[in-house]
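Enquirer: Sequence and predicted structure are below.
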Amino acid sequence: MKFGMAEVQQTSRGKDTRIVIIGAGISGVLMAIKLLERGLRNFVILEQAQAMGGTWRDNVYPGVACDVAAHLYSYSFEGNPWFQSRYAKGPDIWKYYHRVARRRGVLPFIEYGKQVTSAVFDGRRWQLSTSDGAAYSADVVIAAAGRLQQPVMPQIEGLESFAGPVFHTARWDQSLELAGKRVGLIGTGSSATQIVTALAGVVDRLSVFQRTAQWVFPVKDTANPWWRKLAFALWPGHWQSYYRQLRDETEARGKAATSSEEGRRARDQVCFDALASIRDPQLRAKLTPDYEVGCKRLVFSDGFHEAVQHPSVDIVVDPIERIVPGGVVTKDGKLHELDVLALATGFNAHAYIRPMQVTGENGVTLDEVWADLPLTYHSMAVPNMPNFLMINGPYSPGGTASVVGIVEVQVDYILQLIDRIVNMGVLLSPRAEPSQRWLETVREKARASVWGTGGCQM
Ligand code: NAP
């Protein structure tokens with residue numbers, strides 16, 4: 001990939017180059033590992049929370065897991081031979097990433113409780129402030145702040161009046177005993193689907209408030225046999241080949257489902273068949289989306305179609321009118337009495353980096369550069385923001401690949417820029433014109449894809 005960057009002379013060079021990484025999730029930890037491998041130790045990771053792990057630290061709701069195969073949802077250079085089954089549970093994923101961070105010597109570089117509130121380029125370096133009043137200077141800033149950081153709280157009348165516990169799925173109260181309770185769940189995305197599958201039959205009643213039905217692709221979670229675990233532990237090369245095999249299969253499947261009519265039909269048919277397995281025609285009708293498969297990110301689940309048919313689960317499709325102390329009132333006037341209310345209402349992924357105030361050269365702010373759409377060069381750099389680089393930034397996620405593989409590619413690219421910055425002492429920022437051109441290419445492709453034509457609200 002060509003750099004498409006403008007560069008001017010800077011001052012710090014070599015190992016004096018000071019780097020600040022924002023965020024100690026999968027991306028930030030990976031960046032740190034790669035800096036350490038290059039012998040660059042003059043960096044800090046500023047983490048707003050009190051522990052590393054990003055999304056896997058925050059999401060501890062019942063059934064939390066990753067619908068990407070565990071061995072693929074790993075760094076390509078270090079596997080965990082002991083994953084119990086094809087799909088890993090949230091706590092096991094957090095443990096894996098924590099273990100890698102510890103083994104690779106990243107943990108001492110993390111400063112906790114440091115929410116970066118502003119980053120200002122002073123013409124030479126970046127000056128950062130954190131919420132606790134501390135200040136940092138950096139030659140290079142790497143934003144690895146994640147996209148799923150800001151829970152969306154639904155704007156529903158009376159939400160604050162609910163008498164029982166109410167919380168977003170990313171703030172799940174694990175101390176709550178749910179057995180025997182009437183639980184309300186707003187939302188039908190991947191988080192909600194995992195919760196439904198985990199709580200059906202466990203709680204007294206589960207009322208799922210569905211605004212939009214989702215296409216759900218059934219998958220089978222299978223235990224990893226002991227001999228495979230042992231082989232991975234004894235021969236890391238064996239794990240590497242397995243990783244590559246999973247990666248190639250996943251890419252081929254994703255490509256087939258997005259670029260060939262036959263592949264798309266095969267994928268869609270799996271979703272149609274799963275839906276057809278719902279025995280009650282009324283329930284089946286409620287769960288039938290009115291848009292094309294793939295328009296919203298597919299929900300993958302082992303068990304949802306069975307769980308949703310459990311007598312304790314109620315799919316409510318009447319729109320929510322308001323929330324009252326005793327539960328949720330729907331437009332038809334019915335009060336759905338609840339003890340606990342969980343909000344599986346997603347995240348403000350578009351807030352990426354914000355509310356941090358970023359001010360680049362000549363006082364230009366990130367909000368100004370991104371006033372229409374986030375303008376980036378290949379998702380990783382922003383015009384007017386010299387040596388300000390992003391991992392898993394806007395336009396990064398793909399619906400069909402492991403995000404870990406995506407951030408590895410981005411980190412490789414960022415390392416090439418860092419080599420240049422360290423060796424030559426330069427300030428690098430992308431020119432506006434190639435960034436615009438790249439953005440147009442992305443938009444054109446998106447418009448022609450099922451995201452543009454599939455008839456869904458994203
Ligand atoms: P999400 O996919 O954004 O889903 C949010 C749900 O809340 C949608 O059903 C939405 O309905 C509903 N909603 C939002 N506001 C509402 C309101 N005011 N009233 C009623 N319903 C409302 O959120 P998520 O399930 O937490 O997932 C977030 C991201 O994490 C996604 O990218 C997801 O793929 C990812 N994730 C991945 C995994 C994995 O295993 N890989 C697991 C969990 C989550 P509408 O559809 O009508 O907007």
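Expert: Alright, I've got the coordinates.
Enquirer: So which bits of the chain are right by the ligand?
Expert: When proximity is defined as C-beta under 6 Å from any ligand atom, the chain approaches the ligand at 66-68, 148, 154, 156, 169, 186-192, 209, 211-212, 297, 320, 344-347. For the C-beta atoms, the positions are set from N, CA and C on the backbone; glycine is no exception.
Enquirer: Just the ones of those residues in helices?
Expert: Residues of those located in helices (DSSP state H): S190, S191, A192.
Enquirer: Serialize these to a markdown table and add fields for neighbour count and pLDDT.
Expert: Shown next, in a markdown table, are those (neighbours: other C-beta atoms under 10 Å; pLDDT from 0 to 100):
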| residue | neighbour count | pLDDT |
| --- | --- | --- |
| S190 | 22 | 97 |
| S191 | 26 | 98 |
| A192 | 26 | 98 |
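Enquirer: Is it possible to mark the buried ones in the residues of the chain next to the ligand?
Expert: Taking 16 or more other C-beta atoms under 10 Å as the criterion, what is buried in the residues of the chain next to the ligand is 66-68, 148, 156, 169, 186-192, 209, 297, 320, 344-347.
Enquirer: Restricted to strands, list the residues you listed.
Expert: Among these, the members found in strands (DSSP state E) are I186, F209, I320.
Enquirer: From those, pick the one nearest the ligand.
Expert: I186 (5.1 Å; C-beta to the nearest ligand atom).
Enquirer: Please verify my assumption that V208 contacts V316.
Expert: Yes: if you go by C-beta atoms under 8 Å, V208 and V316 touch, sitting 6.5 Å apart.
Enquirer: quick one, phi psi at the nearest residue to T330 once chain neighbours are set aside?
Expert: The spatially closest residue to T330, leaving aside those adjacent along the chain, is D318, at 3.8 Å (C-beta to C-beta, 6 or more residues apart in numbering). For D318, the backbone dihedrals (degrees, to the nearest 10) come out as phi -60, psi 130.
Enquirer: Check the one 10 residues further on too.
Expert: For V328, the backbone dihedrals (degrees, to the nearest 10) come out as phi -110, psi 130.
Enquirer: Please give me every residue in contact with whichever residue of the stretch 301-450 of the chain sits closest to the ligand.
Expert: Taking C-beta to the nearest ligand atom as the measure, the stretch 301-450 of the chain has G346 as its residue closest to the ligand, at 2.4 Å. By C-beta atoms under 8 Å, 6 or more residues apart in numbering, the contact set of G346 is P151, V152, G187, G189, S191.
Enquirer: Please identify which pair of those lies farthest apart.
Expert: The distance between the two most remote of those (C-beta to C-beta) is 12.4 Å, for P151 and G189.
Enquirer: Report the separation between whatever residue of the stretch 51-200 of the chain ends up closest to the ligand and I22.
Expert: Using C-beta to the nearest ligand atom, the closest approach of the stretch 51-200 of the chain to the ligand is made by G189 at 2.4 Å. From G189 across to I22, the span is 26 Å (C-beta to C-beta, to the nearest Å).
Enquirer: ditto for A371
Expert: As for A371, its distance to I22 is 22 Å (criterion: C-beta to C-beta).
Enquirer: and the helix ranked longest in the chain, what does it pack onto?
Expert: Secondary structure of the chain per DSSP H: the longest helix is helix 236-259. The contact analysis (3 or more C-beta pairs under 8 Å, 6 or more residues apart in numbering; DSSP states H and E) places helix 236-259 against helix 226-234, helix 261-276.
Enquirer: who's in contact with whichever residue of the stretch 351-458 of the chain sits closest to the ligand?
Expert: Closest residue of the stretch 351-458 of the chain to the ligand, C-beta to the nearest ligand atom: Q457 (6.2 Å). Each residue near Q457 by C-beta under 8 Å, 6+ apart is listed here: T212.
Enquirer: Which pLDDT value belongs to it?
Expert: Per-residue confidence (pLDDT) for Q457: 78.
Enquirer: Would you mind giving the dihedral angles phi and psi of it?
Expert: Note on Q457: backbone dihedrals following degrees, to the nearest 10 are phi -90, psi 120.
Enquirer: Can you give me every residue that contacts the residue of the chain most remote from its centre?
Expert: Seen from the C-alpha centroid of the chain, the residue lying at the greatest distance (C-alpha atoms, centre = their mean) is G333, 36.6 Å away. By C-beta under 8 Å, 6+ apart, G333 lies in contact with E321.
Enquirer: and stretch 431-449, how far from the chain's centre?
Expert: With C-alpha atoms, centre = their mean, to the nearest Å as the basis, stretch 431-449 stands 22 Å off its chain's centre.
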